[in-house]
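A.B. asks: Return a 3D structure for these sequence lines:
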Amino acid sequence: MGRERGAAGSMLIVGISLSLTSVLLVAAVLINWFSLARGAEQAAELSALAAATASVAGEAPCGAAEDAARRNGTTLASCEVKGADRHVVVEVTVAVELRPTLPFGPTTLRRAATAGSY
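C.D. replies: Predicted coordinates:
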């Protein structure tokens, strides 16, 4: 009877250990995703500022936004320029791939930002 209890106790410990490990791994992935989301927000803001600055300087705003997004590890998903010359508003959206991925989770994250001059 003692061996059966020991085996059952060992299986319980193994089950609890596997459950805790799974929870910790999912938590680590989610923490990484939050970090990627913050980085994407910053990249979107910098891309929007670069686009607005380029537009005021007479350069291509969406090209500047794409360059800024690339330098910050994201991809420019959209760029919309409203206005012209020194009065411009630029809205950009950047995308970043979520790594690692989970079977039930998203694979891409998008963040938008707006910048302009009046």
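A.B. asks: Now do the same contact list for Trp33.
C.D. replies: Leu98, Gly105, Leu109 (CB atoms under 8 Å, 6 or more residues apart in numbering). (Glycine included, C-beta is placed from N, CA and C.)
A.B. asks: please redo it, this time with the cut-off set to 7 Å
C.D. replies: Counting by CB atoms under 7 Å, 6 or more residues apart in numbering, Trp33 makes contact with Leu98.
A.B. asks: Point me to the helix or strand that includes it.
C.D. replies: Per DSSP states H and E, Trp33 falls inside helix 2-56.
A.B. asks: next SSE after that helix?
C.D. replies: helix 61-71.
A.B. asks: I'd like the distance between Glu97 and Glu80.
C.D. replies: 23 Å (CB to CB, to the nearest Å).
A.B. asks: hang on, the earlier thing: if you average pLDDT over the helix holding Trp33, what comes out?
C.D. replies: What helix 2-56 shows for mean pLDDT is 90.
A.B. asks: Stretch 81-101 too?
C.D. replies: Stretch 81-101 comes out at a mean pLDDT of 89.
A.B. asks: okay, how far is it across it, tip to tip?
C.D. replies: 33 Å (CA to CA, to the nearest Å).
A.B. asks: Thank you kindly, that will do.
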